[in-house]
Each structure stands twice: as C-alpha cells, then as structure tokens.
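Participant: Fold the stuff below for me.
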Amino acid sequence: MAKNSSIFFANSLGRLRVSKALLGCALLLSATGCSRFHRHSTDTVYVSARQTYLHDRVAAVSNRVAGVTNGQVLEVLDRNRRFLKVKTDKNQIGWIEERAVIDTKTYAAFQQLSDQHKNDVVTAQASLRDDLYMHLTPGRTAEHFYLIPGNTKVQLLTRASVQRSNSNATAPAPKSVVPATPPNGAKPATEAPAPVAPAPPPMEDWWLVRDGQGRTGWLLSSRLDVDVPDAIGLYAEGQHIVGAWPLAQVTDVDDNGASHTEIEYLMALSAPKAGLPYDFDQLRVFTWNLKRHRYETAFRMRNIRGYLPLHVTQATGNGPASFQFLIANNDKAMADPATGAARPVVPRMLSYQLIQTRVMRTGPDMGPLPNFGGGDDDKNKKDAKKKHK
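Facilitator: Model prediction:
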C-alpha cells in the first residue's frame, strides 16, 4: 500500500511539473512571440503617399478594403516583410506597403522641425507650381511626408544648396594621350595634353517653407514662384528675383483727376543659377514718379554678397521706410553641415532709409563696401542721383 502511494505521489508531481512547464512556455510565447507567429504591436504610422489602398491580403491577387490619403493616421496590427497590417479610425483593416507610410520617429522629426522654425522671420512669399512633398532635409532622397497642393501660398524661411541626388557618380578622369614615338628616335612634335579637371557636381537650391497650417519642410526651389508684383517684375533684366517687399505708399492723381495708391518696393535679385554661396547679389528700390505715372529705379546696389532675411520697415506717419541686411565682407562663406545653408565668415550689417525718392545709407557701418565684380556703393549712389535729374 505504501508502495502504491509513493507511485501515485510521483506521478502527480511529474504531471504538476509538466503543467508548470507548459504554462511557462505559453507565457513566454505570449510575451516574446514565436518564430512561427507574427509579432503584434500597437505602433502608429502615417500615410506619406498621395493616396493608396488597403488590401485584404499580401498576394499578387488581392481585394481593396479601403482607400487612405496623405497624412492619415493608421494603427499597426501586424507586420509581414515590407507590408503592414493596419487599421483606420473607421476600423477598416487591411495590408499596406511600408514605403507608403512613415513611422512615429519620422513624424516626430517633422513636428520638431515645425516647432523649431515657427517664429522664424519670413523671407518672402511664394506659390507652388504643382503638388510637392515637404522633405525633412534638403534633397530629393530625404524623408518626405506632407503633400502640399499646387498653387498653395507658402512662406520662404531659409535657402540652402545641396548636390543633386542623381549626380553622385563621379565622372572618370580623362586619360592622357601619349603620342606615338616617331621613327629614328626623333622627339615627338607635340607634348601630351595635361589631364582636364572634372567639372564640379551640379547643385540645386531648396527652400525651408511654412504653409498656412504651420507645417514646415524643405521644397525644391525650381518648383516655386516668388510672389512679385507684375509692375516691377518686368525689370528683372534676366536675373532671378529673390523677393520683393513694400516700402511705402504714395497717392497719384492722374490727368482725369482720379486718385490711385501706388506702392514703392525693394527687390533682391541674383544670377539665375543654383548653388551660389550667397542669397542675392543685387538690390533695387523702385519709387513712383508722380509726373510720369510710372516706376523708376531710385537705387541700385550691385556686386554684393547678401544674405536673407532682409528686415524691412514700411514708412508710416512717424518715420520713413528702412531696410537692413547682411553682407559678406570677403569671398569666404561657410555652409551648415546639416542643411547646406550658407552664411558669411565675416558678416556686416548694412542699413538704409527711403526718404521720399532718395535712399540714404544709415547706421553704424558706413565703411567702404567689398567689390565682387566691378561695382561699388559710390557708383550705386551716382546711378540713383542720375535718375532724378
């Protein structure tokens, strides 16, 4: 009898150990997952594609479950290689390609970018030529998220230049040609040409912009049109218009006795090329001629290396219009390693006032200006005076 009791006790103890082992395995599988099962999560992703569809399965042939659009929030239920099983806010469940969404880390980076630049000075206004994605950093291969519709007005904050993403490959260096040795050991008539240095990589400009909803990101500059009044846009003379800012208002009474309000402007221009180590190289002030009823150039500054933003104060009853801007005192500039935005190594702040139709230099810096191409401040003043003789 005692022997049977010992056997029964041993069997019970063995079953208890097996049960505990099975229970522990179940708990381990539920906590860490198993190679035979997909790991579930409660991650959130955001649709970065313009629009796409959720499918009922990952297969060559599948059915569409629901449509999703740019910016939409999705809850991740499962993962399978490059696909995600997600659920919409309407409880629609389906599979989506991972490349059509961004994760919470990238979304947080876009939010941080907006917070960092929410108080930046607006350089100019521009319109999108077509639909464009906002990028996290300058460059076509950088992470993108918000899709901004064409014709949307955006605020330009900072310009940067980067190497074009499709031009990373370096062209092979040209081979030097060695002429054949003439007979009888005579010296060759000509020497071998020296190797030609490879051309610098093509660059492209990007703008850090902010839209009406406060969303901030980088857009390709060549797809933006700066807002410039047609009346002065005609005076660009083949240069690229960086921006135009109102300075003052004048009242013009025409020959028929009608009264019109005309706006006088400051305009910044640059050469029509990308990758410049400065934002503009020319400034012009357009005032309104009350006798001829047209715009005239009251001031022109050329061959400078100026940097945005321009700080403009419009004329009021208490004072004249004024503007201040930063220039480089030499040809050395430094680029932000993260964005490529250029800044002068030796900066100077210049200040000017518009008094009626004359532009006067003011402020503590009254020294001679650097010459980057043959122009100087004295010639600019002479040009302005000739216009009003």
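
Participant: From here on, just use CA atoms for contacts and neighbour counts.
Facilitator: Will do.

Participant: how about low-confidence regions in the stretch 1-150 of the chain?
Facilitator: 1-42 (pLDDT under 70).

Participant: Same question for the stretch 201-350 of the chain.
Facilitator: Looking at the stretch 201-350 of the chain by pLDDT under 70, you get an empty list.

Participant: Show me the helices in it, by range?
Facilitator: For the stretch 201-350 of the chain, applying DSSP state H, counting those that start in this stretch gives helices covering 230-233.

Participant: Same check on the stretch 51-200 of the chain?
Facilitator: Assigned by DSSP H, counting those that start in this stretch, the helices in the stretch 51-200 of the chain fall at 104-116.

Participant: mind listing the strands in it by residue range?
Facilitator: Secondary structure of the stretch 51-200 of the chain (DSSP state E, counting those that start in this stretch): strands at 51-55, 64-69, 73-80, 83-87, 93-97, 101-102, 124-128, 132-135, 144-148, 153-163.

Participant: so can I have JSON lines of those showing distance to Glu237 and mean neighbour count?
Facilitator: Shown next, in JSON lines, are the strands of the stretch 51-200 of the chain (distance: least, Cα to Cα, whole Å; neighbours: other Cα atoms under 10 Å):
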{"stretch": "strand 51-55", "distance to Glu237": "42", "mean neighbour count": "18"}
{"stretch": "strand 64-69", "distance to Glu237": "43", "mean neighbour count": "15"}
{"stretch": "strand 73-80", "distance to Glu237": "48", "mean neighbour count": "18"}
{"stretch": "strand 83-87", "distance to Glu237": "53", "mean neighbour count": "21"}
{"stretch": "strand 93-97", "distance to Glu237": "49", "mean neighbour count": "22"}
{"stretch": "strand 101-102", "distance to Glu237": "44", "mean neighbour count": "22"}
{"stretch": "strand 124-128", "distance to Glu237": "20", "mean neighbour count": "20"}
{"stretch": "strand 132-135", "distance to Glu237": "29", "mean neighbour count": "22"}
{"stretch": "strand 144-148", "distance to Glu237": "31", "mean neighbour count": "21"}
{"stretch": "strand 153-163", "distance to Glu237": "22", "mean neighbour count": "23"}
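
Participant: my guess is Trp206 meets Leu219, correct?
Facilitator: Yes. Between Trp206 and Leu219 there is a contact at 5.6 Å, judged by Cα atoms under 8 Å.

Participant: Tell me how far Pro368 lies from Tyr307.
Facilitator: 18 Å (Cα to Cα, to the nearest Å).

Participant: returning to what we had before: how about the strands of the stretch 51-200 of the chain, which one is nearest Val250?
Facilitator: Val250 lies closest, by Cα to Cα, to one member of those: strand 124-128, at 22.6 Å.

Participant: Give me the nearest residue to Phe372, chain neighbours excluded.
Facilitator: Asn303 (5.0 Å; Cα to Cα, 6 or more residues apart in numbering).

Participant: Equivalent analysis for Lys87, please.
Facilitator: For Lys87, the closest residue by Cα to Cα, 6+ apart turns out to be Ile93, at 4.4 Å.

Participant: ok, that neighbour - contacts?
Facilitator: Contact analysis of Ile93 by Cα atoms under 8 Å, 6 or more residues apart in numbering lists Leu54, Asp56, Val65, Lys85, Val86, Lys87.

Participant: any chance of these in TSV, plus distance to Pro246?
Facilitator: Formatted as TSV, the contacts of Ile93 follow (distance: Cα to Cα, whole Å):
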residue	distance to Pro246
Leu54	50
Asp56	57
Val65	53
Lys85	53
Val86	51
Lys87	50
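
Participant: how about Gln249, what does it touch?
Facilitator: Thr261, Glu262, Ile263, Glu264, Ala315.

Participant: so what pLDDT did Val359 get?
Facilitator: You'll see Val359 listed with a pLDDT of 97.

Participant: In contact with it, which residues?
Facilitator: Val359 sits next to Ala298, Phe299, Tyr352, Gln353 when contact means Cα under 8 Å, 6+ apart.

Participant: and if you look at Pro347?
Facilitator: So Pro347 contacts Leu326, Ile327, Ala328, Asn329 (Cα under 8 Å, 6+ apart).

Participant: ok, so what distance separates the residue nearest to it when sequence neighbours are not counted from Gln155?
Facilitator: Distances taken as Cα to Cα, 6+ apart place Ala328 nearest to Pro347, at 4.8 Å, with adjacent residues excluded. Distance check for Ala328 against Gln155: by Cα to Cα, it reads 25 Å.

Participant: Also Ala248?
Facilitator: The value you get for Ala248 to Gln155, if Cα to Cα is used, is 22 Å.
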